[in-house]
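**Q** quick one, fold the following:
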Amino acid sequence: MPAKKHNSYSLHFTISSLFISLTLIFGAALSWQHYSKTSELLIAGGDLVFEQINRELTFNFGGLLKSANQSISLLALSPITQANSLDERLKSLPLFSTALHNEDKLSAIQIAYPNGDYFILRPINSDLLRQTFNTPQDAAFVVDNISTNAHGQRNLVRIFYTSQLLELSRDPAVETSYDPRIRPCGIHKH
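**A** Have a look, this model is predicted:
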C-alpha cells in the first residue's frame with residue numbers, strides 16, 4: 001500500500017506540474033503576443049503623429065515662406081535698394097515697419113549693398129533684445145546702418161524708434177569690421 005500512495009502522489013504532482021507549466025507557457029505566449037501587438041500599434045501611431053506634425057510644419061513653413069517672399073518682393077521694388085545714404089534708407093522705415101508688423105514671424109528686415117553697406121530694422125519684442133541692445137524704454141524698433149566712407153572705414157550707427165517711428169535716440173557712429181558680403185561658411189581651405 002505504501003507504494004500505491006507514492007504513485008498517487010507522484011501522479012497528482014505530475015498533473016499539477018503539467019497544468020502549472022501549461023498555464024505559464026500559455027501566459028507567456030499571450031504576454032509576448034500582447035507586447036508585440038502593442039509595440040506595433042505604438043510604432044504605427046507614432047509614425048502617424050510624426051507624419052501629421054511633418055505635414056503641418058511643412059504647411060506652416062510654406063505659408064511663412066510664401067508670405068515672407070511676397071514681402072521681400074515688394075521691398076525689392078522700393079527705393080531703398082538704390083539708397084546711398086542713411087537718410088535715404090530711413091525714408092523706407094514705414095514700409096519696413098509695416099512688413100514686420102504684418103509678418104510677426106519675421107525677426108528683421110535687412111538689406112546689404114554691393115559696396116558692403118548694410119541696413120537692418122529689427123522689432124524690439126522681447127526682454128532679451130532690450131537687454132542685448134540696451135534700448136530706451138519706449139523703443140519698438142532698432143535700426144543698424146553700416147556705411148563705408150571714402151577711406152574704406154566702416155561705421156555702424158544704431159538708432160532707436162518708437163512704434164510710431166519717432167526717433168528716441170541715436171548712438172554715435174562706431175567703427176565695425178562687419179561686412180555682409182563676407183560670411184563664415186565653416187569650410188577652411190589649406
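**Q** mind checking how far stretch 88-95 is from the chain centre?
**A** 28 Å (C-alpha atoms, centre = their mean, to the nearest Å).
**Q** how long is it end to end?
**A** This stretch, stretch 88-95, spans 13 Å end to end (C-alpha to C-alpha, to the nearest Å).
**Q** so which bits of it are buried?
**A** Arg89, Leu90, Ser92, Leu93, Leu95 (16 or more other C-beta atoms under 10 Å). Where C-beta positions appear, they are placed from N, C-alpha and C, glycine not excepted.
**Q** what does it contact?
**A** Contacts with stretch 88-95, where a contact means C-beta atoms under 8 Å, 6 or more residues apart in numbering, come from 74-75, 78-80, 83, 111, 119, 121, 141, 143, 145, 159, 161, 165.
**Q** give me every residue that touches Asn84.
**A** No contacts exist for Asn84 under C-beta under 8 Å, 6+ apart.
**Q** so what pLDDT did it get?
**A** Asn84 carries a pLDDT value of 86.
**Q** roughly how far does it sit from Ile111?
**A** 12 Å (C-beta to C-beta, to the nearest Å).
**Q** swap in Ser36?
**A** 59 Å.
**Q** which of the two has more residues huddled nearby?
**A** Shown here are Ser36 and Ile111; by other C-beta atoms under 10 Å, Ile111 has more neighbours (19 against 10).
**Q** secondary structure class for that one?
**A** Of the three states, Ile111 takes strand under DSSP: H, G, I helix; E, B strand; the rest coil.
**Q** quick one: the strands in this protein, in order.
**A** 109-112, 118-123, 141-148, 154-161, 167-170, 174-175 (DSSP state E).
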